[in-house]
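K.L.:
Need coordinates for the below:
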Amino acid sequence: GGTECVNLPEKIFVKKDANGNGDGSSWENAINELSTAAFLLHQCKGVKEIWLAEGTYLPVENPEELSVPRAAKFIKFYLPTSLSIYGGFIGTESSLTDRDESKKSVLSGNISQLSWVEKNSVDLVSLYTEETVQPEKSEILFDALRFEHAEYAIYQGRFESRIPNVTIRNTDFTRNGRGINLSAQNLTIENSSFSNQSGASVSITENGDYQITGNRFYDNDFDPLGVRASSIIFEDNIFHKNKGQVYVQGDSSTYIDRCEFLDNITSEPQTGLSLSRKNLGILTVRGSLISVRNSVFSNNNITEDGLNNIDTQATLRIEGVHNTAFISNNTFFNNTYDNTEKIAGAISVNQRVDSVFIMNTISWKNLEKNSDSYKSGLSIFVDSTAWGDDKIPPYVLVSNSIIEIGCTGLGEYNLDLYPEFIDTTSSNLDLGL
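P.N.:
Residues are numbered from 1 along each chain as shown. Have a look, this model is predicted:
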């Protein structure tokens, strides 16, 4: 079967075991391969949606027939930036609400069916802007998909225009070299997961508005996220057992709320966006106006891994120039630092920050692992200068907080009393009555 441009509908169906005429007009007549649909979209204009039934889709239809396996690396799904791709269908549904979004449709770069490191797709999905679509009106959506076994899961060509609107929803990225690398003005990533990536899961730098909410990053071997935009809303994200740093920079504003950073390890300053390569942090935040609220930092470890050029280690690093940061209702518990001779602690502040307000925050059992002295207080420091006791700089105010081995001169209503966590053994850091 097949279809012609004149008959191509705005919504086409893709289903591997469909046996109709293959024109993509219905589930019965669905196109069998996403690669075939992508080729049609490159030749024909006007398709707005692809409904993708469950199954695993490769950028080529018969990878075992490739005569030059080396060339297979460069075969990809080449998709326009004015498209919505919905997965999670059985192949009988008549509306988006009928599908089960937990059943992902899989886009796999495992072309050679061999080790993904050597032979799989370089770019699993590569995006281009259609000539007939005004660049400012481009909008692409990925929903209920899984991207796996590629060097780059989603990649935008270096000469392509910035995409005005990108939405990634209910989508999983696993066992790729890198996850998302593109140029987007407005970006939304929500309810998605990133796991077992050997490179950065999300790496995006652009002037725009980003919302990254409800995602889970776990078991990644490199910096799980590095983003820079005009403004960033970063909520309800969980980072668990990753290696590397998280870097979030909103040039005008950065809002981080209800996030969890648990059991992560970082050993070297890998993220190129960081202001200083001589400082290590689990989370580094930069922006003119910063808010970090209602978040938990627990059981994270920072180690220099044999490096000698690191000045400071901190669970949370606040960076910027002439900016203001509000850190409120956060918990720092049982974070460790392998730094034996240099400065380490729960929070660090770049010396060019104008003012920092730390409120309703708990800092308990954060210590330097190899130190003879038990330094478990808030351990605020400014660059390579340690601040403790009555040496807090005037632009840092700490109030209404619980600080183990409390410091004087911090502000008002601070306590040095055990916080009565419900159960630290199960990482339940809620407070008992």
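
K.L.:
In this structure residue 297 contacts residue 336, no?
P.N.:
No: checked against CB atoms under 8 Å, the pair residue 297 and residue 336 is beyond contact range at 11.6 Å. (C-beta placed from N, C-alpha, C; glycine too.)

K.L.:
quick one: contacts for residue 183?
P.N.:
156, 160, 162-163, 204-206 (CB atoms under 8 Å, 6 or more residues apart in numbering).

K.L.:
With neighbour count, pLDDT and secondary structure added, can I get those residues in CSV?
P.N.:
Shown next, in CSV, are these (neighbours: other CB atoms under 10 Å; pLDDT from 0 to 100; DSSP: H, G, I helix; E, B strand; the rest coil):
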residue, neighbour count, pLDDT, secondary structure
156, 25, 80, strand
160, 17, 63, coil
162, 18, 77, coil
163, 24, 83, strand
204, 22, 83, strand
205, 14, 75, strand
206, 19, 77, coil
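
K.L.:
Report the two of those residues separated the most.
P.N.:
Maximum pairwise distance in these, criterion CB to CB, is 15.0 Å, between 160 and 205.

K.L.:
Can you check the distance spanned by stretch 109-126, start to finish?
P.N.:
12 Å (CA to CA, to the nearest Å).

K.L.:
re earlier: who has more neighbours out of residue 297 and residue 336?
P.N.:
Using other CB atoms under 10 Å as the criterion, residue 297 and residue 336 rank with residue 297 on top: 27 against 20.

K.L.:
I'd like the next helix or strand past the helix or strand containing that one.
P.N.:
If you go by DSSP states H and E, residue 297 is part of strand 296-298. Per DSSP H and E, the first helix or strand lying C-terminal to strand 296-298 is strand 301-302.

K.L.:
Distance from the chain centre to that next one, please.
P.N.:
20 Å (CA atoms, centre = their mean, to the nearest Å).

K.L.:
ok, now stretch 33-43?
P.N.:
Using CA atoms, centre = their mean, the offset of stretch 33-43 from its chain centre is 29 Å.

K.L.:
and if you look at stretch 289-309?
P.N.:
16 Å.

K.L.:
And stretch 420-433, by the same measure?
P.N.:
Distance, centroid of stretch 420-433 to centroid of chain: 28 Å (CA atoms, centre = their mean).

K.L.:
Report the spatially closest residue to residue 288, excluding sequence-adjacent ones.
P.N.:
residue 323 (4.8 Å; CB to CB, 6 or more residues apart in numbering).

K.L.:
Quickly note the distance from the one you found to residue 12.
P.N.:
Counting by CB to CB, to the nearest Å, the gap from residue 323 to residue 12 is 48 Å.

K.L.:
pretty sure residue 192 contacts residue 167?
P.N.:
No: under the criterion of CB under 8 Å, residue 192 is not in contact with residue 167, lying 10.4 Å apart.

K.L.:
shared neighbours of these two, anything?
P.N.:
By CB under 8 Å, 6+ apart, no residue touches both residue 192 and residue 167.

K.L.:
which one of these two has more residues nearby?
P.N.:
Taking other CB under 10 Å, residue 192 and residue 167 do not tie; residue 192 has more neighbours (28 against 18).
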